[in-house]
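Colleague: With the sequence up front, the predicted model follows.
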Amino acid sequence: IKEAYLPFSHNEEVEAKQMVNHLGMKDSDKFVCLIVRDSKYLSTFYPKWDWTYHSHRDTNIDTYKEAIKALANLGYWVFRIGKKVKEPLNIDHPRVIDYANHEIRSDLLDIWLPTHAYFSISTSTGLDALSQAYRRPVVYVNAMTNNHFRSCDHCLWAPKYLMWESEGRLLTLKEALHSDFDYSEEYKEAGIKVVDLSSEQIKEIVCEMESRLTGKWRATEKEELDQIKFIKILREDLNNNYTKHKFIHPEARISQKYLEYNSSFLSDD
């Protein structure tokens, strides 16, 4: 991984490490950041605006607990980050830190943690731009929308499900790209239900990312063909600007576990 263009000063590095060492984490320990979007931040800092128009992007923190526990049991520290969050993360584990509600939270650590994490888990929101800027891997779980796939970065992509309410059928990627709405009400008007991934699915997708990074993942020929098809559909979408996905990072991928759960996602129908 190339060095970031905006390095921390020596004093900032020392101060940040001292703060996390105070929690019991060693310099050699690996940690993961968790960024789960909810309504609290915008409603706190911009209360005059009605932000419910994109509430379809919000996610319940509790559905990430199984993934967090799995990582902690593998020896990782997990920091749930954010400045204002709706619900606490209630997990009784010494390596799981609800940093967003912790007394140690600071402006320095807000930036330092995601830029030094082994990888981050995000629902695709503003704070994960730090991981992008510092070239840290991200697994996007419950992400919206598919046009926002981070093709230039080291990432694993697992969007929310979109379902035709009248049929009870999941939209394919092609259909989802043509229903790429910014407003929650637009999905309702189109007869589309936005469905979050289950706790078990989130855990498997996060563990897929961990396996890829540690070299335990073994890609199959089918997986490589799926990746090619995924990018091809993105580039061919008439509503999309081709240049947006012209460069594809070699580790920018659709989650294979996600495709197992959503087998029709890459369908041509």
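Modeller: Structure's in. What do you need?
Colleague: Could you measure from F119 over to A158?
Modeller: 14 Å (CB to CB, to the nearest Å). From N, CA and C alone the C-beta is placed, and that goes for glycine too.
Colleague: And for D62?
Modeller: 18 Å.
Colleague: more neighbours, those two?
Modeller: When neighbours are counted by other CB atoms under 10 Å, D62 and A158 differ, and A158 comes out ahead with 27 against 13.
Colleague: Which secondary structure state does the more buried one sit in?
Modeller: The three-state assignment at A158 reads strand, by DSSP: H, G, I helix; E, B strand; the rest coil.
Colleague: From G24, how far out is Y118?
Modeller: 17 Å.
Colleague: show me where the stretch 151-269 of the chain has strands.
Modeller: 155-159, 161-164, 169-170, 192-195, 252-254 (DSSP state E, counting those that start in this stretch).
Colleague: Below-threshold pLDDT in the stretch 51-200 of the chain: ranges please.
Modeller: 51-55 (pLDDT under 70).
Colleague: What ranges does it have for its helices?
Modeller: Here the stretch 51-200 of the chain has its helices, by DSSP state H, counting those that start in this stretch, at 65-73, 107-116, 129-133, 173-177, 184-189, 199-213.
Colleague: CSV for those, including mean neighbour count and distance to H56?
Modeller: Below are the helices of the stretch 51-200 of the chain laid out as CSV (neighbours: other CB atoms under 10 Å; distance: least, CB to CB, whole Å):
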stretch, mean neighbour count, distance to H56
helix 65-73, 19, 21
helix 107-116, 19, 24
helix 129-133, 18, 20
helix 173-177, 20, 13
helix 184-189, 14, 4
helix 199-213, 21, 17
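Colleague: which one of these lies closest to I91?
Modeller: Closest approach to I91 among the helices of the stretch 51-200 of the chain (CB to CB): helix 65-73, 6.0 Å.
Colleague: List of residues touching the closest one?
Modeller: By CB atoms under 8 Å, 6 or more residues apart in numbering, the residues outside helix 65-73 that reach it are 32, 34, 78, 80, 89, 91, 93, 95-96, 121, 199-200, 202-203, 205-207, 210.
Colleague: could you redo the last one with a cut-off of 7 Å?
Modeller: The set of residues external to helix 65-73 that reach it, using CB atoms under 7 Å, 6 or more residues apart in numbering, is 32, 34, 78, 91, 93, 95-96, 199-200, 202-203, 206-207, 210.
Colleague: Can I get that helix as CSV, trimmed to CA atoms?
Modeller: What follows is helix 65-73, C-alpha atoms only, in CSV (Å, rounded to 0.1, in the frame of the first residue of the first chain):
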residue,chain,number,x,y,z
LYS,A,65,-23.2,-7.5,16.6
GLU,A,66,-22.5,-11.0,15.3
ALA,A,67,-19.9,-9.7,12.9
ILE,A,68,-18.2,-7.7,15.6
LYS,A,69,-18.1,-10.7,18.0
ALA,A,70,-16.7,-12.9,15.2
LEU,A,71,-13.8,-10.4,14.7
ALA,A,72,-13.2,-10.0,18.4
ASN,A,73,-13.0,-13.7,18.8
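Colleague: the more surrounded of Y118 and G24?
Modeller: Y118 (18 against 11).
Colleague: out of the helices of the stretch 51-200 of the chain, nearest to E13?
Modeller: helix 107-116 (8.0 Å).
Colleague: which residues are in contact with stretch 164-182?
Modeller: 54, 145-147, 161-163, 187, 190-193, 233, 237, 239-240, 262, 264-267, 269.
Colleague: Weed out the non-buried ones from the residues you listed.
Modeller: Among the contacts of stretch 164-182, those classed as buried by 16 or more other CB atoms under 10 Å are 54, 145-146, 161-163, 187, 192, 233, 237, 240, 262, 265-266.
Colleague: what's the spacing between stretch 72-85 and its chain's center?
Modeller: Taking the mean of its C-alpha atoms, stretch 72-85 sits 13 Å from the chain's own mean (CA atoms, centre = their mean, to the nearest Å).
Colleague: Oh, that last question was meant for stretch 109-118, not what I typed.
Modeller: Centre to centre, stretch against its chain (CA atoms, centre = their mean), the figure for stretch 109-118 is 15 Å.
Colleague: I appreciate the help and will end here.
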